[in-house]
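Asker: Model the structure of this input:
(one chain, ligands or ions: 1)
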Amino acid sequence: MSCVKVTDGKLVKNVDEFKNAVKEISPGDKIILANGIWKDAELELVANGKEDSLIMIEAEENGKVFLEGQSHVKIGGSYIVLKGLVFRNGHTSSSCVISFRKNKTTPCNSCRVTECVIDNYNPPERFDSDYWVDIYGQNNRFDHNYLVGKRNRGVTLAVRLKNDGDRENNHRIDHNYFGYRPTLGSNGGETLRIGTSHYSLSNSNTIVEDNYFERCSGELEIISSKSCQNIFRNNTFYECQGTLTMRHGNETLVENNYFIGNRLPNTGGIRVINKTQTVKNNYLQGLTGTRFRGSLVVMNGVPDSPLNRYFQVTDSDISHNLLVDCDHVQLCAGSDAERSAPPVNSTMTSNIFYNEEKDDVFTVYDDIEGIDFRNNYISNNMLLPTNKGRVVTEGFEKKNLTFTSVNGIKKCNEYASVGPESRKEIPNETNTGVAWYPNKDYHIHFNTGKIITVRPGDNTLLEAIRETKDGDILELSSGIYHQSKAININHTITIKSTDNPTLTFERPSLFNIENGGSLTLEGLTIHGTECDDYSGNAVIRTSQYSMINNYKLMIRDCTFKDLDVNHSFNVLKVYKNTFADSILLANCIFENISGHVLNMDKEIDDTGIYNVENVIISDSKFKDIGGSALNLYRGGRDESTFGPILKMSDSQFENVGHDKRNKNDAAVVLSGVQLAEMENLKFKDSRKLKLHLIVGDPVIKLKDIDFDDCEMMTSNDNDYQKSNVNFKNTKKL
Ligand code: CA
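Answerer: Numbers count the residues shown, from 1 in each chain. Alright, predicted model coming up:
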């Protein structure tokens, strides 16, 4: 026996010692994992403690035991406590990082995982799926853990109901800090899922309370409750893009939760589906999301719905919720030919909807006769909801209300019983998770590092970039900067100038944004004339491999010229399994380019995956472009994402899209785009604007657009907004 006996347990230094210690474990024993890095550690045990003599597996010291490489922990049995481990620098080789079962026949019962950290423990492939935590069995507790930076496909934490012994489980998930979960750009980015549609009519009886969810924005559902009798109470959802969704299952209680949006885009609240749901005394503030990401969304159902679609909302009660400064309440949301069953036998009582800045907060998509409205209060400016053209006056009262703010949370002075009960502290980043691990910063910070001056010449830029750190700024003077090698961008970099330098390059690309990289270009002129004479060159390309990190590309005051040594020379070339958080083109000139400017169409499987969330184009000029200025593509009918989102304004397009190799057959294509605002644009002698509207309710607004000598725009659907869109000398195809 190689294990060292310590006063209070067995200290083990490696996996073999752990295995030996497990062999002779009995109730009341403690295994202590020695400080240090445990690489590729697969720690598995099945054991049975007792209620009054637990089996403990814990770190020698908090924050000093790191599981790295391909590590995981699987526990089965009963009365086991796992405590104090940190997973980082790697990813699980199995289906999850911490599993509450060793294998199919050995789930956990009455076990606890506490004060563990999982920090950016992701596989390199964005769409290789895994879960971080899988909870099976009954009466387990997952508490005071910190989970941050899940970036690949797969739920962060799942409660499984596969076997009888997994149901009516009374699990408690509490005091956890669910940190940043960036937009996945696909379904499968939920932070919490309880059950699946298959077992959704079984009782799970899981309690989720006192947790802090921070920017959990992986997809539409922050939480997907897919079983019966779950309770969600006293949680904070801070700046999360998405909603707590009662996706399947009945008799859910959502009570005393705080949804704080701070007016960030796409922030949402609570989405109600199914029957006998109770939503009461919640606080919702500054939520701007619309459609399925509204602050309060009551869905339409499918008549005789199969398990995996949408059951009608019946016998549900929404009361005493306080909504302050929230932009969208959506009733009968998702109403369409399939989802044709509006809510019935339900009530909305004593809620406050207060928004002095926005009048049209309510949107009603079908018949709301089936909701009994009583004693709801709205601000004086707000419009009452309308039902089939008739204003619903009963059940709403316009009122001037006053609020007192305590620690940023508002309380209504006139109706103190609306909203959550006052508490000293709501769940936040300090009273959840662990105290001994630093909170991770989730922003991409441009311009936070040092300024490095770079002189013109051959490869001076490449050499300077090798010396940079995250956030650094390279300042260029006037002159020619020639690169004979491509420049890899591995972190956040700004390259800028006020002296209008020229950049030339030889290789198939100038900048390669690799995983973890983000790039700002400012005040530069980039020529393609020195490039090797091959087709398919690009000024900027993403990694050719999967990128687990989302990137940003910001281009301001730049000119891209003469990218035409051969055909299909693009400004940006993206690859499959890469995802941009945002791409900005502001005050730029694109001229004489044989390929596309932005061709974001590499996800062609039509499963709802796409390449970029936000595209912003303003004050720019596109002239003599063989391909498209923009092709924004999202295929499939999946409804779990919000993007792509486009803002395009004050720009001109001349002779765009005419190259015979332009398979897009258009100057600008928006396909499956969810939100597009196009304003003050001039198209001349260009191919068409092509719209393909699919999925839910895409919002497309076209305003003040002139087409001169262009093809007629096309759309598969007329459901878009158009004002002052003019065609002159329209060309026939
Ligand atoms: Ca989902």
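
Asker: from the middle of its chain, how far away would the longest strand along the chain be?
Answerer: Among the segments of the chain that qualify as a strand by DSSP state E, the longest is strand 645-656. Computed by CA atoms, centre = their mean, to the nearest Å, the chain-centroid distance of strand 645-656 equals 27 Å.

Asker: Can you list the helices and strands that the lengthiest helix in the chain packs against?
Answerer: Criterion DSSP state H: the longest helix present in the chain is helix 15-23. Contact partners of helix 15-23 among helices and strands, from 3 or more CB pairs under 8 Å, 6 or more residues apart in numbering; DSSP states H and E: strand 9-12, strand 30-33, strand 42-48. (Each C-beta comes from the backbone N, C-alpha and C, glycine too.)

Asker: ok, residues contacting the helix or strand just after the longest strand of the chain?
Answerer: Counting by DSSP states H and E, the next helix or strand C-terminal to strand 645-656 is strand 668-671. Here strand 668-671 makes contact (CB atoms under 8 Å, 6 or more residues apart in numbering) with 601, 628-635, 646, 648, 653, 676, 689-692, 694, 700.

Asker: Mind checking which of those are buried?
Answerer: Applying 16 or more other CB atoms under 10 Å to the contacts of strand 668-671, the neighbour count classes 601, 628-635, 646, 648, 653, 676, 689-692, 694, 700 as buried.

Asker: what sits against the closest residue to residue 161 other than its chain neighbours?
Answerer: Nearest residue to residue 161 in three dimensions, chain neighbours excluded: residue 199, at 4.1 Å (CB to CB, 6 or more residues apart in numbering). Contact partners of residue 199, counting by CB under 8 Å, 6+ apart, are 161, 162, 167, 226, 227.

Asker: what are the ranges of the helices in the protein?
Answerer: 15-23, 460-466.

Asker: So what pairs up with residue 521 in the strands?
Answerer: Beta-bridge pairing of residue 521 under DSSP bridges involves residue 495, residue 555.

Asker: what's the distance between it and residue 556?
Answerer: 7 Å (CB to CB, to the nearest Å).

Asker: Return the residues in contact with residue 580.
Answerer: 542, 550, 551, 552, 553, 574, 600, 611, 612, 613, 614.

Asker: Isn't the last one up against residue 632?
Answerer: No: counting by CB atoms under 8 Å, residue 614 does not reach residue 632; the two are 10.5 Å apart.

Asker: which neighbours do those two share?
Answerer: Common contacts of residue 614 and residue 632, defined by CB under 8 Å, 6+ apart, comprise 644, 646.

Asker: In this protein, where is pLDDT below threshold?
Answerer: For the chain, the stretches flagged by pLDDT under 70 are 1-7, 696, 733.

Asker: so residue 444 makes contact with residue 554?
Answerer: No: if you go by CB under 8 Å, residue 444 and residue 554 don't touch, sitting 9.9 Å apart.

Asker: Can you name the residues of the stretch 501-650 of the chain sitting close to the ion?
Answerer: residue 640 (CB under 5 Å from the ion).

Asker: Okay, and the beta partners of residue 278?
Answerer: Per DSSP bridges, the residues bridged to residue 278 are residue 253, residue 317.

Asker: ok, now how distant is it from the ion?
Answerer: Distance, residue 278 to the ion, by CB to the ion, to the nearest Å: 23 Å.

Asker: follow-up on the earlier one: so residue 521 and residue 556 - more neighbours on which side?
Answerer: residue 521 (23 against 17; other CB atoms under 10 Å).

Asker: From the ion, how far out is the more buried one?
Answerer: 36 Å.

Asker: List the residues that contact that residue.
Answerer: For residue 521, the contact set (CB under 8 Å, 6+ apart) comprises 495, 496, 554, 555, 556, 558.

Asker: Around residue 585, how many other residues sit close by?
Answerer: Residue 585 is flanked by 27 other residues according to other CB under 10 Å.

Asker: quick revisit: give me the contact list for the longest strand of the chain.
Answerer: By CB under 8 Å, 6+ apart, strand 645-656 touches 613-625, 628-630, 632, 667-668, 670, 673-687.

Asker: make it 6 Å
Answerer: 614-625, 629, 667, 673, 675-686 (CB atoms under 6 Å, 6 or more residues apart in numbering).

Asker: Of the residues you listed, grab the buried ones for ChimeraX.
Answerer: Filtering these down to the buried ones (16+ other CB under 10 Å) takes a single ChimeraX command:
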select :614,615,616,617,618,620,622,623,624,625,629,667,673,675,676,677,678,679,680,681,682,683,684,685,686
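
Asker: Based on its surroundings, how many neighbours for the residue in the stretch 1-150 of the chain positioned nearest to the ion?
Answerer: For the stretch 1-150 of the chain and the ion, the shortest gap (CB to the ion) falls at residue 129, measuring 12.4 Å. By the criterion of other CB under 10 Å, residue 129 has 13 neighbours.

Asker: quick one, what contacts it?
Answerer: Applying CB under 6 Å, 6+ apart, we find residue 129 in contact with 153, 154.

Asker: again, only this time at 8 Å
Answerer: 152, 153, 154, 188.

Asker: Can you lay out these as JSON lines showing neighbour count?
Answerer: What follows is the contacts of residue 129, written out as JSON lines (neighbours: other CB atoms under 10 Å):
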{"residue": "152", "neighbour count": "21"}
{"residue": "153", "neighbour count": "21"}
{"residue": "154", "neighbour count": "22"}
{"residue": "188", "neighbour count": "19"}
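
Asker: Out of those, the closest to the ion would be?
Answerer: For those, the closest approach to the ion (CB to the ion) belongs to residue 188, at 6.6 Å.

Asker: I'd like the distance between the closest residue to the closest one other than its chain neighbours and residue 444.
Answerer: Leaving out its chain neighbours, the residue that sits closest to residue 188 by CB to CB, 6+ apart is residue 153, at 4.1 Å. Distance of residue 153 to residue 444, computed by CB to CB: 21 Å.

Asker: Report how many residues lie close to residue 562.
Answerer: Close neighbours of residue 562, defined as other CB under 10 Å, add up to 18.

Asker: please renumber so the chain begins at 419
Answerer: Will do, 419 is the new start, and the previous item becomes residue 980.
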